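[1] My questions concern the predicted model and sequence given below.
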Amino acid sequence: MNNQLIEQQGQSALSAQIRADDPGGMAERALEVTCQKLSNQYPQLNVFTRYVAAWKKTNGNPMKNPEVFRQLVGEYVEERAGQVKPQSLNMDLCGLKAAVREMIAQSVGTLTSAQQFYLEKMITEKPFKLTRRAVRTVGKDKMLEPGEVMELIAGTSDKISLVIELLVKTGCRISEVVNAKWTDMAPTAGGHLRLEVLGKGKKLRSVKVKVDLARRIKRTFAGKIWLFEHHGQAYGRNYLLQKIQEAGFKILGKRIGPHTLRHSFATHMIDRTGNVKAVSLLLGHSDISITLAMYYHRNEVDDSDLSGFWAEIDGK
């Protein structure tokens with residue numbers, strides 16, 4: 001049986017079941033209970049619940065069949081899109097997906113596999129699909145020159161300077177390094193160490209670390225589990241963020257943060273190598289287009305590049 005047929009059977013069977021077995025609005029109440037249950041994790045579900053109550057006054061039970069529910073979500077997303085930023089709208093959608101999945105999990109035994117398949121497929125499509133945020137180009141003013149990095153490292157405490165050095169030499173996020181353990185480190189054939197970090201979307205990736213830097217971190221922090229450890233516990237993200245911000249303002253007179261160091265790594269690596277794809281992998285971006293949009297600053301071809309190319313064509 002192909003997926004399209006399963007989907008059609010799932011939709012018709014689910015609609016029929018709701019119409020026949022749910023005259024009192026059992027599915028509607030299940031949606032309300034589920035949203036309430038998940039509201040601590042997804043507070044924006046409270047906004048959706050109020051929207052459903054208002055929608056119901058005009059349109060009736062939103063759960064009378066799956067397509068009506070899809071219509072309800074579509075109208076909700078359209079209205080919210082004009083009120084909140086894409087990131088907030090995506091949080092709304094994550095909460096709605098979680099609510100539907102919870103309803104599916106609570107309905108095991110009452111929904112057929114075809115009905116479950118239809119609901120699962122529905123929340124991967126519009127209007128449930130997450131919106132892509134516009135990617136902003138990171139300007140040169142949002143990064144540090146190598147001399148500034150050296151000044152920053154030299155001017156702060158031994159411990160904070162090592163955190164800064166690891167961030168700027170790997171392009172890692174602050175959340176990735178505070179969660180890094182010594183068991184995540186392994187030697188490579190090239191003489192460096194490979195550090196596995198857990199990035200956004202719980203995706204693992206590897207970055208290279210100089211042996212000397214790793215030794216200095218181990219000697220200074222004396223961590224048994226975490227790279228950056230204090231009394232057996234990993235240093236807090238917010239604490240290190242604050243210390244880096246303070247160091248930037250005190251030493252450089254600039255407002256910086258851990259992401260400034262990541263931006264610096266990315267920009268300088270692209271400028272030096274021209275290998276955007278490799279840098280994108282090091283940064284853990286989901287798509288090379290994100291790296292290009294954020295960090296590739298050469299929007300025009302230099303006259304020297306053109307002159308050299310023309311000379312080759314002219315045989316000079």
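    Here it is on my side, so go on.
[2] hang on, isn't residue 34 packed against residue 105?
    No - counting by Cβ atoms under 8 Å, residue 105 is not a contact partner of residue 34; they are 9.6 Å apart. (Glycine included, C-beta is placed from N, CA and C.)
[3] Going by how many neighbours each has, rank the two and give me the top one.
    residue 34 (20 against 10; other Cβ atoms under 10 Å).
[4] Which parts of the stretch 151-300 of the chain are helices?
    158-170, 174-178, 211-221, 237-247, 258-273, 276-283, 288-295 (DSSP state H, counting those that start in this stretch).
[5] Now that we have those, can you turn them into a markdown table and tack on mean pLDDT, mean neighbour count and distance to residue 142?
    Formatted as a markdown table, the helices of the stretch 151-300 of the chain follow (pLDDT from 0 to 100; neighbours: other Cβ atoms under 10 Å; distance: least, Cβ to Cβ, whole Å):
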| stretch | mean pLDDT | mean neighbour count | distance to residue 142 |
| --- | --- | --- | --- |
| helix 158-170 | 94 | 20 | 14 |
| helix 174-178 | 92 | 21 | 16 |
| helix 211-221 | 95 | 15 | 24 |
| helix 237-247 | 92 | 16 | 14 |
| helix 258-273 | 86 | 20 | 5 |
| helix 276-283 | 85 | 18 | 15 |
| helix 288-295 | 75 | 17 | 10 |
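[6] can you redo those as CSV with distance to residue 78?
    Formatted as CSV, the helices of the stretch 151-300 of the chain follow (distance: least, Cβ to Cβ, whole Å):
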stretch, distance to residue 78
helix 158-170, 40
helix 174-178, 33
helix 211-221, 50
helix 237-247, 36
helix 258-273, 32
helix 276-283, 33
helix 288-295, 26
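[7] So what touches stretch 232-250?
    152, 155-156, 160, 163-164, 174-175, 178-179, 224-226, 228-229, 254-258, 260-261 (Cβ atoms under 8 Å, 6 or more residues apart in numbering).
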